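Engineer: Structure, please.
(one chain, ligands or ions: 2)
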Amino acid sequence: MVMMTKKVNIGGMKVHTYKHTEDFILESGEVLPGFELEYNTMGELKEGVKIVWVCHALTGNADVKEWWNGLFGKGKLYNEKEHFVICANVLGSCYGSTGPLSTNPKTGKPYFHDFPQVTIKDIARSLNLLRESLEIGHIDTLIGASLGGQQALEWSIQCPDLFENLIVVASNAQHSPWGIAFNESQRLALQADPTWYENREDAGQNGLRAARAIAMLSYRHYETYSQTQTDKQEEQLDNYKASSYQRYQGDKLVERFNAYSYWVLSKAMDAHHVGRGRGGLQKALKSIKAKTLIIGISSDVLFPVNEQRLIAEHIPSATYHELESLYGHDGFLVHFEELKECIDHFYYAAERVQLQVG
Ligand SMILES: CC(=O)SCCNC(=O)CCNC(=O)[C@H](O)C(C)(C)COP(=O)(O)OP(=O)(O)OC[C@H]1O[C@@H](n2cnc3c(N)ncnc32)[C@H](O)[C@@H]1OP(=O)(O)O
Ligand SMILES: N[C@@H](CCO)C(=O)O
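Structural biologist: Numbers count the residues shown, from 1 in each chain. Ligands and ions are numbered 1, 2, ... in the order given. I've put the predicted structure just below:
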């Protein structure tokens, strides 16, 4: 087993790097001459602990204790006493794994715009290579939301015998025309920034700012804005709260992300279709063997609940839970108590079935 620990981060997760030194042939036919995945772990990989693998969302990262702190950490649903938790920064992203700002071995310079298209299938295959390198033969729970849920679904189809439980939150089996339209609008914002075409690390920052502002409309809801961004003064003619909120959220993403990775991962999201090359979506979902919990968020306009119901309908051993929320898609980042409750219930029900069968 090769587990190279580089450091322990502020939240206490260990940070490691997996190096894949062979050519990695992508779904597009293009070849990545090797890649690295930076991944974080919590707990010890030892006998008796349950392995929980987390797949992160679009601009997320491997530090689950940071963005899912209500579910992961000391005394939480997933804790270091009972679990070994692992999450890898995805291929194409900008938090340590190989992405557009990594050096292209062919040129000795960053890939920038030459970074090849990666798909969710490629990302899942790269995660599986990391898994093999760690000699992990069985995973108790695979969990992901949004783009993370897309990876989790895809991986459970690629490796149906690997996972005991699968938990997919606010995601889909095929990215919708609506979702693609949102992503394309955001990419148009990147392209409208003249610096986007320059090969430099900070290219497209203004475009990225606008892209995030557009994205926020799909991550929140009319009600979220009404409740938090309504101005008090009737005579106001400009400088609305909602405007400054949009700008602030754009600035915040620019500080922690880059336009190239945003482009690459939004394209990966668009191309997500578990049925591709497998005789269709229903057939693909049917092949999932894990006990599955699908969670939808009632106000999610980006991954609406009908998409969640569709997934649950076609996975043989799936249950569906709908989380009541006015928050919208990003509800998966705030409703920890409700998430914990329905996940707990899911495990409890699965155990009871096991006992009855046994
Ligand atoms: C799964 C993933 O991978 S997620 C992607 C990675 N994301 C992250 O790492 C961060 C995760 N966190 C988040 O996305 C969000 O903070 C959430 C969804 C968890 C919670 O959001 P909320 O706290 O409800 O509010 P939201 O983030 O929308 O806005 C709060 C921020 O906007 C600021 N703000 C609110 N209203 C305004 C306004 N009118 N004008 C300017 N700023 C404003 C607040 O001061 C606050 O600033 P801060 O973030 O610097 O503290
Ligand atoms: N807030 C999430 C939304 C997409 O799931 C992110 O930035 O990744």
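Engineer: What's the local residue count around whichever residue of the stretch 151-300 of the chain sits closest to ligand 2?
Structural biologist: Here the residue of the stretch 151-300 of the chain nearest ligand 2 is Y219; by CB to the nearest ligand atom that distance is 5.1 Å. For every residue, glycine as well, the C-beta is placed using N, CA and C. Counted with other CB atoms under 10 Å, the neighbours of Y219 add up to 24.
Engineer: and it, what is it in contact with?
Structural biologist: Listed by CB atoms under 8 Å, 6 or more residues apart in numbering, the contact partners of Y219 are 302, 328-330.
Engineer: now the helices for the chain?
Structural biologist: Along the chain, the stretches classed as helices by DSSP state H are 64-67, 120-133, 147-158, 177-191, 205-219, 222-228, 241-256, 259-270, 281-286, 305-314, 336-357.
Engineer: Give me whichever of those is most buried.
Structural biologist: helix 147-158 (a mean of 26; mean count of other CB atoms under 10 Å).
Engineer: Can you tell me who N104 pairs with across the strands?
Structural biologist: Counting by DSSP bridges, N104 is bridged to K109.
Engineer: As a quick check, tell me the outermost residue of this protein.
Structural biologist: In the chain, the residue that sits farthest from the middle, by CA atoms, centre = their mean, is E235; the gap is 42.4 Å.
Engineer: quick one: that residue and ligand 1, what's the gap?
Structural biologist: Applying CB to the nearest ligand atom, to the nearest Å, the value for E235 to ligand 1 is 18 Å.
Engineer: ok, now N206?
Structural biologist: Applying CB to the nearest ligand atom, the value for N206 to ligand 1 is 18 Å.
Engineer: Isn't that residue up against L190?
Structural biologist: No. Checked against CB atoms under 8 Å, the pair N206 and L190 is beyond contact range at 9.1 Å.
Engineer: Between the two ends of stretch 217-233, how far is it?
Structural biologist: Stretch 217-233 has an end-to-end distance of 24 Å (criterion: CA to CA, to the nearest Å).
Engineer: Check the offset of that stretch from the chain's centre.
Structural biologist: Remark: stretch 217-233 is offset 25 Å from the chain centroid, using CA atoms, centre = their mean, to the nearest Å.
Engineer: mean confidence score for it?
Structural biologist: Mean per-residue pLDDT for stretch 217-233: 95.
Engineer: before we move on, back to that, same list as before, the helices of the chain that is, but in CSV and with distance to G108 included.
Structural biologist: Formatted as CSV, the helices of the chain follow (distance: least, CB to CB, whole Å):
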stretch, distance to G108
helix 64-67, 33
helix 120-133, 23
helix 147-158, 31
helix 177-191, 26
helix 205-219, 25
helix 222-228, 46
helix 241-256, 27
helix 259-270, 18
helix 281-286, 40
helix 305-314, 43
helix 336-357, 45
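Engineer: what's the least confident stretch among the ones you listed?
Structural biologist: Lowest mean pLDDT within the helices of the chain: helix 336-357, a mean of 88.
Engineer: That helix close to ligand 1?
Structural biologist: No. Contact of helix 336-357 with ligand 1 (CB under 6 Å from any ligand atom) is absent, the minimum separation being 10.0 Å.
Engineer: Could you list the residues in contact with that helix?
Structural biologist: The contact list for helix 336-357 (CB under 8 Å, 6+ apart) reads 68-71, 76-77, 165, 167, 169, 291, 293, 295, 319, 321, 323, 325, 332.
Engineer: of these, list those near ligand 2.
Structural biologist: Among these, no residue sits close to ligand 2 (CB under 6 Å from any ligand atom).
Engineer: Are any of those buried, and if so which?
Structural biologist: 68, 70-71, 76-77, 165, 167, 169, 291, 293, 295, 319, 321, 323, 325, 332 (16 or more other CB atoms under 10 Å).
Engineer: Counting only strands, which of those residues make the cut?
Structural biologist: Cross-referencing the buried ones among the contacts of helix 336-357 against strands under DSSP state E gives 165, 167, 169, 291, 293, 295, 319, 321, 323.
Engineer: now, the most widely separated pair of those?
Structural biologist: Within those, two members stand farthest from each other by CB to CB: K291 and L323, at 19.2 Å.
Engineer: Show me what from the chain comes close to ligand 2.
Structural biologist: Near ligand 2, when you scan the chain using CB under 6 Å from any ligand atom, you find 57-60, 146-147, 219, 330.
Engineer: Spatially, and excluding backbone neighbours, which residue is closest to the residue in the stretch 251-358 of the chain that ligand 1 sits nearest to.
Structural biologist: Minimum separation of the stretch 251-358 of the chain from ligand 1 (CB to the nearest ligand atom) falls at L333, amounting to 3.8 Å. Spatial nearest neighbour of L333, excluding adjacent residues (CB to CB, 6 or more residues apart in numbering): W67 at 6.4 Å.
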